[in-house]
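Q: Prediction below, plus the sequence it came from.
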Amino acid sequence: MTVKMNRFLQNRLSAKAAGLALGLLPLFVACQAQIPKSEMFKSSTFTPEKSFPKGVEGPAVSAAGTVYAVNFGGPGTIGQVTPEGKASLFVELPAGSIGNGIRFDSKGDMLIADYTKHNILKVNMQTKEITVFAHNANMSQPNDIAIDNKDRLYASDPNWKAGNGRIWRIDTNGSSVLLDSMGTANGIEVSPDNKLLYVNESVQRKVWVYDLSPEGNVSNKRLFHEFADFGMDGMRCDIDGNLYISRHGKGTVAKLSPEGKLVQEITLIGKLASNVAFGGPDGRTMYVTLQDKGNLESFRVDRPGREWAMQKKK
């Protein structure tokens with residue numbers, strides 16, 4: 001057996017172990033109610049069409065179950081949506097800032113990729129105070145962000161005009177480290193065991209996976225999956241390491257297995273899917289932002305999301 005195959009099997013086993021651990025904490029996740037097959041993976045409207053502008057992006061779900069997305073009512077804002085689908089304004093960002101990806105850290109603070117001003121913004125969810133957590137003028141733009149179990153961020157940094165991009169690590173002190181250069185880096189995600197980093201190149205239609213060290217460094221880049229058509233945008237993992245990817249232009253969300261095999265594609269109502277996030281009372285509701293419809297859709301899935309499980313462990 002080759003060293004490469006050994007490494008693959010070790011990563012696969014560790015991902016399964018991490019999925020089991022996350023699936024057992026809290027206990028009710030393991031005892032979750034069955035979802036009827038007729039309701040599984042069937043997308044429906046969550047917020048009314050045009051409740052958000054065409055720039056709707058970056059959904060993320062708080063521990064309380066509220067869904068957040070950028071650009072509510074106009075650029076430079078963050079909208080909030082109740083579990084029942086009622087949308088309203090949450091905060092306005094500083095002048096000139098426009099958000100993209102959103103994540104929550106272990107303290108419950110909101111982190112936003114501010115692509116116009118090359119920042120990562122932090123929002124105190126109790127006071128709504130907005131501060132600059134990190135700034136890097138060398139970035140083309142922080143686009144999407146992922147977070148590991150040590151609150152380190154990983155940011156995609158596409159240069160759409162040049163057709164290339166980079167990925168950065170942003171440490172908890174706000175400093176940034178260039179990890180790699182590639183094609184048009186877009187969606188980014190960390191595996192359930194925090195040992196893999198996934199990044200997609202939306203124009204080149206490729207998904208790459210790196211080994212992720214305990215120190216947050218990447219190595220052993222290899223092709224995870226390649227699509228024959230349409231682009232990609234945001235990505236999220238479930239607790240078993242399945243990777244959900246929004247297919248921008250195709251109007252689907254692709255589900256890839258931990259081995260990189262296409263398991264299925266969930267058909268959406270809209271076509272321009274920009275990003276996805278897990279939420280709901282059991283972590284098995286997926287929310288999708290649609291830029292052509294200016295709204296969010298949702299559908300039920302079989303396993304909870306990785307970040308939802310991380311929030312429940314706090």
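A: In hand now; what should we look at?
Q: By residue count, which strand of this protein is the longest?
A: Ranked by residue count, the top strand of the chain under DSSP state E comes out as strand 218-226.
Q: Can you list the strands that that strand pairs with?
A: strand 206-212 (antiparallel) (DSSP bridges).
Q: Identify the residues contacting the partner strand?
A: Under the contact criterion C-beta atoms under 8 Å, 6 or more residues apart in numbering, strand 206-212 has outside partners 7, 11, 148, 179-180, 182-183, 190-191, 194-201, 218-227, 232, 235, 243, 245, 256, 260. For glycine as for every other residue, the C-beta is placed from the backbone atoms N, C-alpha and C.
Q: Just the buried ones from the residues you listed?
A: The neighbour-count test (16 or more other C-beta atoms under 10 Å) marks 11, 148, 179-180, 182-183, 190-191, 194-201, 218, 224-225, 227, 232, 235, 243, 245, 256 as buried among these.
Q: you'd agree Phe230 is up against Ile245?
A: No. Here Phe230 does not reach Ile245: they are 10.7 Å apart, not a contact under C-beta atoms under 8 Å.
Q: Mind checking what secondary structure the nearest residue to Asp114 once chain neighbours are set aside has?
A: If the residues on either side of it in the chain are set aside, Asp114 comes closest to Ser97, at 4.5 Å by C-beta to C-beta, 6 or more residues apart in numbering. Following DSSP: H, G, I helix; E, B strand; the rest coil, we place Ser97 in the coil state.
Q: Ser97: neighbouring residues, count only.
A: 19 (other C-beta atoms under 10 Å).
Q: quick one: pLDDT of it?
A: pLDDT recorded at Ser97 is 97.
Q: does it really touch Ile120, like I thought?
A: No. At 10.8 Å, Ser97 and Ile120 do not qualify as touching, with contact defined as C-beta under 8 Å.
Q: mind listing what the very next helix or strand once past the longest strand of the chain pairs with, with the direction of each?
A: Downstream of strand 218-226, the next assigned helix or strand under DSSP states H and E is strand 235-237. Strand 235-237 sits in its sheet next to strand 243-247 (antiparallel), going by DSSP bridges.
Q: now what about the partner strand, what contacts it?
A: 187, 189, 198, 200, 207, 224, 227, 230-238, 253-256, 258, 265, 273-276, 286, 288-289, 301.
Q: Report the buried members of the residues you listed.
A: 187, 189, 198, 200, 207, 224, 227, 230-238, 253-256, 258, 273-276, 286, 288-289, 301.
Q: pLDDT on stretch 298-312, on average?
A: Mean predicted lDDT for stretch 298-312 stands at 95.
Q: hang on, the earlier thing: so what sits against both of Ser97 and Ile120?
A: Counting by C-beta under 8 Å, 6+ apart, the residues touching both Ser97 and Ile120 are Asp114.
Q: which residues in the stretch 51-200 of the chain form strands?
A: 57-61, 67-70, 77-81, 87-92, 99-104, 110-114, 119-123, 130-135, 145-147, 153-159, 164-170, 176-182, 185-190, 196-201 (DSSP state E, counting those that start in this stretch).
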